[in-house]
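In: please find the sequence and the predicted model below.
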Amino acid sequence: MPQPSESDIIEEQKHFANVVATFEQYGSYALAANNRRRRDLYSLAQDDQKLLDEIGWKDKLVDIDNAIVVNARFVQQMIAEPAIFSDADLADEVDDDGGEESSHPHSHQELHSHTHGDTHGHTHSHPPGPLSRGHTHDHGGTQMNRYRPNDFDMDKLRSTLKQFVRDWSEEGKVERDACYQPMKDALLNHFAAVPEGERSKLRVLVPGAGLGRLAYDVARLGFSCQGNEFSHYMLLSSFFILNRTESLHQHTFYPHVHSLSNIPDRAALLRPVTIPDALPSDIPGGVNFSLVAGDFEEVYGSENDDSEPQAGQWDAILTCFFIDTAKNVINYLRIIHKILAPGGVWINLGPLLWHWENNTTNDPSIELDLEEVKTLCEKLGFKLENERTIETSYTSNAQSMLGYVYRASFWTATKVKDKEEAT
């Protein structure tokens with residue numbers, strides 16, 4: 001795998017610093033947004049203010065403030081020890097134009113690793129990556145130089161809080177069962193002949209792992225599993241939940257307080273969520289479970305990497321709401337085909353919400369319909385089976401008056417010929 005250039009390293013340092021600044025400033029940003037509602041209240045006629053006061057609307061704003069304060073404490077814990085990028089200088093590397101769409105992490109580091117022997121000993125390995133520069137984590141900086149997050153940045157963070165609900169709360173179980181359970185069932189069915197005690201010898205890859213729950217669930221089944229994630233928001237948060245959580249329901253936050261639209265009542269708005277509903281360290285003996293940071297194409301598409309040979313090395317690849325993150329899905333399909341072992345299985349579930357469509361960064365984007373994607377899979381050497389549609393939501397508020405439902409496509413696929421024969 002080619003080493004990142006100095007400019008790549010500086011770009012990533014800046015972007016990571018901007019993401020950390022977004023986490024740092026969540027509280028003040030969210031409180032200011034709620035205070036806007038107070039200003040709007042006081043701009044009304046006195047009679048209208050009195051009516052809203054009588055129904056408790058002003059008190060509700062106080063309750064929202066209190067919930068935001070709890071959220072801010074929770075968010076601050078995630079950046080109290082940002083060890084993902086070792087000694088990246090967060091105070092000095094500041095970028096006024098940072099944004100998730102225009103910044104691309106170039107590090108390929110193992111952020112989380114559980115190696116479980118028969119004694120169930122736990123080791124947490126966080127080797128320094130290319131951003132190690134010997135700096136200390138000083139978040140002070142000067143106020144005038146600090147990155148000022150915009151609503152795009154904050155929306156990423158708010159989405160991350162919703163992802164916590166989906167992946168690590170009891171409330172998110174309905175969505176997880178709709179998406180993850182069919183994939184896990186297909187994995188178990190494909191390797192039904194493998195005794196449970198032998199599953200740890202099989203390697204499963206979960207690209208686009210998010211906060212790591214699907215990869216964790218696969219490891220809990222006894223398979224050795226590696227997740228891969230690109231977003232710094234997800235990486236900071238998954239590192240926290242996987243490595244800094246010691247008990248069930250340890251953390252409490254309020255994910256639904258950022259918008260008052262389509263809320264049926266105050267209880268729905270202000271209901272707390274606790275995480276995790278499963279202990280991340282609870283992995284069977286002999287199972288390797290890890291999370292690797294970096295772009296999927298860069299990490300797994302490299303032709304030569306002696307430290308992590310990829311070609312034909314993954315017994316199963318599980319892609320959940322992932323393939324539509326590609327700029328050119330052909331690259332994803334070729335890589336999946338290359339790294340999938342003979343006799344292995346690719347299990348896919350998701351829509352085609354092409355993430356780079358109509359982007360403002362002049363990045364290429366090839367948007368295909370579902371039949372075109374399936375045809376490409378066949379041309380590149382896959383045999384698709386067990387095709388069906390699964391209706392599911394994604395990080396939705398179960399008590400909202402508005403909900404979106406994806407008609408996600410599910411399939412399992414096996415290799416029928418080598419890449420050279422398929423092109």
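Out: Thanks, I have the structure now. Numbering: from 1, shown residues only.
In: distance check, Asp65 against Ser259.
Out: 15 Å (C-beta to C-beta, to the nearest Å). From N, CA and C alone the C-beta is placed, and that goes for glycine too.
In: next, count neighbours for Thr22.
Out: 28 (other C-beta atoms under 10 Å).
In: which helices and strands does the helix or strand containing it pack with?
Out: According to DSSP states H and E, Thr22 maps onto helix 6-24. In terms of contacts (3 or more C-beta pairs under 8 Å, 6 or more residues apart in numbering; DSSP states H and E), helix 6-24 is packed against helix 57-78, helix 151-168, helix 232-243.
In: how about Glu385, nearest residue that isn't a chain neighbour?
Out: Of all residues not flanking Glu385 in the chain, Thr412 sits nearest, at 5.3 Å (C-beta to C-beta, 6 or more residues apart in numbering).
In: from the chain's centroid, how far away is the helix or strand containing the one you found?
Out: Taking DSSP H and E as the criterion, Thr412 maps to strand 406-415. Computed by C-alpha atoms, centre = their mean, to the nearest Å, the chain-centroid distance of strand 406-415 equals 20 Å.
In: so what touches it?
Out: Here strand 406-415 makes contact (C-beta atoms under 8 Å, 6 or more residues apart in numbering) with 179, 182-183, 186, 190, 321, 337, 340, 342-352, 370, 374, 377, 381-394.
In: ok, now with 7 Å
Out: 182, 186, 190, 337, 340, 342, 345-351, 370, 377, 381-392, 394 (C-beta atoms under 7 Å, 6 or more residues apart in numbering).
In: give me the below-cutoff pLDDT ranges for this structure.
Out: Applying pLDDT under 70 to the chain flags residues 1-3, 82-144, 303-309, 417-423.
In: what are the boundaries of the strands in it?
Out: Under the criterion DSSP state E, the chain contains strands at 110-115, 203-207, 224-229, 251-253, 273-275, 288-293, 314-320, 340-350, 382-392, 406-415.
In: closest to Thr22 out of the ones you listed?
Out: Set against Thr22 and scored by C-beta to C-beta, those come closest in strand 251-253, at 16.1 Å.
In: how about that closest one: buried residues?
Out: His251, Phe253 (16 or more other C-beta atoms under 10 Å).
In: so which elements touch it?
Out: Packed against strand 251-253 by the contact rule (3 or more C-beta pairs under 7 Å, 6 or more residues apart in numbering; DSSP states H and E) you find helix 57-78, strand 273-275.
In: just name the most buried of the ones you listed.
Out: Stretch with highest mean neighbour count among the helices and strands packed on strand 251-253: strand 273-275 (a mean of 20; mean count of other C-beta atoms under 10 Å).
In: ok, back up a step: turn the strands of the chain into a markdown table, including distance to Leu51.
Out: Listed next are these as a markdown table, based on distance: least, C-beta to C-beta, whole Å:
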| stretch | distance to Leu51 |
| --- | --- |
| strand 110-115 | 52 |
| strand 203-207 | 52 |
| strand 224-229 | 48 |
| strand 251-253 | 32 |
| strand 273-275 | 32 |
| strand 288-293 | 52 |
| strand 314-320 | 47 |
| strand 340-350 | 46 |
| strand 382-392 | 41 |
| strand 406-415 | 40 |
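In: those: which one's closest to Val70?
Out: Nearest to Val70, of these and by C-beta to C-beta, is strand 251-253 at 6.2 Å.
In: got the contact list for the closest one?
Out: Here strand 251-253 makes contact (C-beta under 7 Å, 6+ apart) with Val70, Asn71, Phe74, Leu161, Pro272, Val273, Thr274, Ile275.
In: skip the chain neighbours and tell me the closest residue to the most centrally placed residue in the chain.
Out: Nearest to the mean C-alpha position of the chain, by C-alpha atoms, centre = their mean, lies Gly210 at 1.9 Å. Nearest non-adjacent residue to Gly210, counting by C-beta to C-beta, 6+ apart: Met234, 5.3 Å away.
In: that neighbour and Trp354, how far apart?
Out: 19 Å.
In: the two: which has the busier surroundings?
Out: It is Met234, of Met234 and Trp354, that has more neighbours when counted by other C-beta under 10 Å, with 23 against 18.
In: which ones are touching the more buried one?
Out: Thr160, Gly210, Leu211.
In: let's see it at 8 Å
Out: Thr160, Gln163, Ala209, Gly210, Leu211.
In: and for Ala215?
Out: Contacts of Ala215 (C-beta under 8 Å, 6+ apart): Val204, Val206, Ala209, Cys225, Gln226, Gly227, Phe289, Leu291.
In: equivalent analysis for Glu372, please.
Out: Taking C-beta under 8 Å, 6+ apart, one finds nothing in contact with Glu372.
In: distance of it relative to Ala408?
Out: Counting by C-beta to C-beta, the separation of Glu372 from Ala408 is 17 Å.
In: same check, this time on Ala293
Out: Ala293 sits 26 Å away from Ala408, going by C-beta to C-beta.
In: Tyr242: neighbouring residues, count only.
Out: To be clear, residue 242 is Leu; Tyr isn't right here. Leu242, neighbours per other C-beta under 10 Å, totals 26.
In: same thing with Lys50?
Out: That count, for Lys50 with other C-beta under 10 Å as the rule, works out to 10.
In: ditto for Thr160
Out: Neighbour tally, Thr160, other C-beta under 10 Å: 23.
In: pretty sure it sits against Tyr233.
Out: Yes: with contacts counted by C-beta atoms under 8 Å, Thr160 reaches Tyr233, the gap being 4.8 Å.
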